[in-house]
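**Student:** the sequence isn't on hand, but the structure is:
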């Protein structure tokens, strides 16, 4: 009894052998490894560039003519951080003192000064910020704000009052009633990133499943495998193995992204981003099982490698639509998509990040996704078993389902 019992156990656990083989083959695939490393490098480079741009300080040298006390006072306040620059740490102003207007023009021409500020004659008229070319917009904004404040302060002093008295009660504070600290632009970028991770993971790993299936079918190797391994076990192994690889890939990329975000201004909302990413991992883990099953069927419907572009194109179009629609969706559309698989894989985690969900909404959406995945796997299993042994041309879903009903192979 020992021999038959061991054979039965081996058949029942065959999916584990298949899954292990899929994981090892994929993990040792040079193309996969190189692609993953390149993606990690791109994410790291993008985060590094963003961090550099956020911390970068713009420096401006601004000329002022001797005797132009009003302009000198305005520039000194900017240089000392008492003017508009006090609210903008990324800008640094240095005052360049010159003897006359000719010297100021010469400084602009030889680029020892970026701009030249001259005050209004006699206290009336316009101040002038000159440049050899068009003055920098950021510098013009800061100088304009500083000059405006200085002129108002001088005129307030002239009538026996102060700027504090004139501006008392004029402060405006902002308040966000939903209590979520995440900026809408951050939510949009996060939606794009999650949609990208979903699309790359689903298409990349799904295509590998379809390629593996057609490779075994075209070489007739599957006919040998089928004598020892039930086809449903073969399918289960391919789904599990590919799901592990896809999930591992997204965990690595998500981890790199979260660690990188901790070095940027996004570090303050990292807890919210982490919660959203965890929901994405859970949704992706469940949803990819259905995607993997459908890609396996797409591979079984083909008889040659060249047929894959036809059998996988409906799936590719669906995944592309999810990628495009989910990261750009907003309002009612986003709420609806967060309950419709597979769009919910991206839309619901994005809504969690935006603080737009009640506690039960992700759970309900996940339950719908689980039910959809179970249905997709059961349907795919029937089509897979019916189509895998058919050769001679592309197999339709109808033919695959009919063949499965008429045979007990792999049952």
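**Tutor:** That came through fine. Just so you know, these numbers come straight off a predicted model, no measurement behind them. Numbering: from 1, shown residues only.

**Student:** could I get the full set of helices for the stretch 251-400 of the chain?
**Tutor:** With helices called from DSSP state H, counting those that start in this stretch, the stretch 251-400 of the chain shows them at 270-301, 308-311, 313-328, 331-337, 344-354, 361-387, 397-405.

**Student:** right, and those helices - which one's nearest residue 107?
**Tutor:** helix 270-301 (45.9 Å; Cβ to Cβ). Quick note: C-beta positions are derived from backbone N, CA and C, even for glycine.

**Student:** which other helices and strands does that closest one contact?
**Tutor:** helix 184-218, helix 231-261, helix 308-311, helix 313-328, helix 344-354, helix 361-387, helix 397-405 (3 or more Cβ pairs under 8 Å, 6 or more residues apart in numbering; DSSP states H and E).

**Student:** how about low-confidence regions in this protein?
**Tutor:** Across the chain, the ranges flagged by pLDDT under 70 are 1-12, 54-55, 81-89, 121-125, 176-181, 268, 403-411.

**Student:** which residues touch the most centrally placed residue in it?
**Tutor:** Nearest to the geometric centre of the chain sits residue 193, at 1.2 Å (Cα atoms, centre = their mean). Contact analysis of residue 193 by Cβ atoms under 8 Å, 6 or more residues apart in numbering lists residue 257.

**Student:** and for residue 187?
**Tutor:** Residue 187 touches 350, 353-354, counting by Cβ under 8 Å, 6+ apart.

**Student:** show me the domain layout of this protein.
**Tutor:** Taking automatic domain parsing as the reference, the chain has its domains at 14-50+181-405, 59-152.

**Student:** ok now stretch 182-201, how far from the chain's centre?
**Tutor:** 3 Å (Cα atoms, centre = their mean, to the nearest Å).

**Student:** actually, stretch 238-245.
**Tutor:** The answer for stretch 238-245 is 23 Å, by Cα atoms, centre = their mean.

**Student:** neighbouring contacts of it?
**Tutor:** 15, 18-23, 26-27, 32, 205-206, 208-209, 212-213, 285, 288-289, 292-293, 296, 377.

**Student:** do you know how far the residue nearest to the centre of the chain is from residue 257?
**Tutor:** For residue 193, the distance to residue 257 equals 7 Å [Cβ to Cβ, to the nearest Å].

**Student:** how deep is the closest residue to residue 196 other than its chain neighbours tucked in, by neighbour count?
**Tutor:** Leaving aside its sequence neighbours, residue 196 sits nearest to residue 323 (Cβ to Cβ, 6 or more residues apart in numbering; 7.2 Å). Applying the criterion other Cβ atoms under 10 Å, we find 22 residues in the vicinity of residue 323.

**Student:** surely residue 323 is in contact with residue 200?
**Tutor:** No. With contact defined as Cβ atoms under 8 Å, residue 323 does not count as touching residue 200 (9.1 Å).

**Student:** in stretch 137-157, which residues are buried?
**Tutor:** 139, 142-143, 145-147, 149-151, 156 (16 or more other Cβ atoms under 10 Å).

**Student:** from the residues you listed, which single one is nearest residue 267?
**Tutor:** Taking those together and measuring to residue 267 by Cβ to Cβ, the closest member is residue 142, at 26.9 Å.

**Student:** would the closest one count as being in a helix?
**Tutor:** Yes. According to DSSP: H, G, I helix; E, B strand; the rest coil, residue 142 belongs to a helix.
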